[in-house]
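Visitor: task: produce atomic coordinates for the following.
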Amino acid sequence: MYDYASEFSEGYGGVKLNEKYGFVDKTGKVVIPLMYEKTGFIFRNGFVSMMLNGKWGLINTKGTMIIPFKYEESFAVFEDLATTTLNGKWGFIDIAGTVVVPFKYDRAFRFSGGVAPVRLGLYWGYINKQGVEIVKPIYTDVGYFINGKVKVTYNGKVLYFDKTGKEVSE
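Guide: Model (predicted):
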């Protein structure tokens, strides 16, 4: 019946038909019309990223627009913030559409444990949910925090930081 069907998440499955995307419930009933150009396919915390007229926005499980369709890229909501791009720069918005972290980064990834990796130019660092750089973007390689610390690389040297930005031992 569909050209593609995704796994179900939070009770909804993404479907594609004739290059348009929407969602069905577990009975197969279309609950979000097949009118979108792209989708993130996975609901997280009741929200999913969708593309309409070449721009990304966020809808809820009822299909109601939560974040306007004006972003170049948009990703799933983690810790109540979505990573998005505007005018070629990355930042974070909350589910009310308020810019929480300004669009100033060259790349950013999702929040995890209250921190997110961000890149300025060629270098990576970390910010907290208020947009404060807790680890300055001077590192060439970063990852996600595991057990309260993260491994980074600086001039070929491996260092570890905690979530306050303090250097710690391995």
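Visitor: what about G14, how many neighbours?
Guide: When neighbours are defined as other C-beta atoms under 10 Å, G14 has 25 of them. Just so you know, the C-beta spots here come from the backbone N, C-alpha and C atoms, and that holds for glycine as well.
Visitor: please apply the same query to G46.
Guide: The tally of other residues near G46 (other C-beta under 10 Å) stands at 14.
Visitor: residues touching it, list them.
Guide: Counting by C-beta atoms under 8 Å, 6 or more residues apart in numbering, G46 makes contact with 10, 60-61.
Visitor: start and end of stretch 47-62, how far apart?
Guide: Length of stretch 47-62, first residue to last, C-alpha to C-alpha, to the nearest Å: 9 Å.
Visitor: buried ones in it, by neighbour count?
Guide: The neighbour-count check on stretch 47-62 (16 or more other C-beta atoms under 10 Å) flags 47-52, 55-59, 61 as buried.
Visitor: then stretch 134-141?
Guide: Neighbour count says stretch 134-141 has 134-135, 137, 139 buried, by 16+ other C-beta under 10 Å.
Visitor: quick one: which of those sit in strands?
Guide: Under the assignment DSSP state E, the buried residues of stretch 134-141 contribute 134-135, 137, 139 to strands.
Visitor: from the buried residues of stretch 47-62, pick the one nearest G40.
Guide: G40 has its nearest neighbour among the buried residues of stretch 47-62 in S49, at 3.8 Å by C-beta to C-beta.
Visitor: what pLDDT does I138 get?
Guide: In this model, I138 is scored at 89, pLDDT.
Visitor: mind listing what it touches?
Guide: Counted by C-beta under 8 Å, 6+ apart, I138 has contacts 123, 125, 154.
Visitor: which one of those is nearest to F75?
Guide: Within these, the smallest distance to F75 is 19.3 Å, found for G125 (C-beta to C-beta).
Visitor: any idea how far the closest residue to that closest one other than its chain neighbours lies from L122?
Guide: Nearest non-adjacent residue to G125, counting by C-beta to C-beta, 6 or more residues apart in numbering: P137, 3.3 Å away. Distance of P137 to L122, computed by C-beta to C-beta, to the nearest Å: 9 Å.
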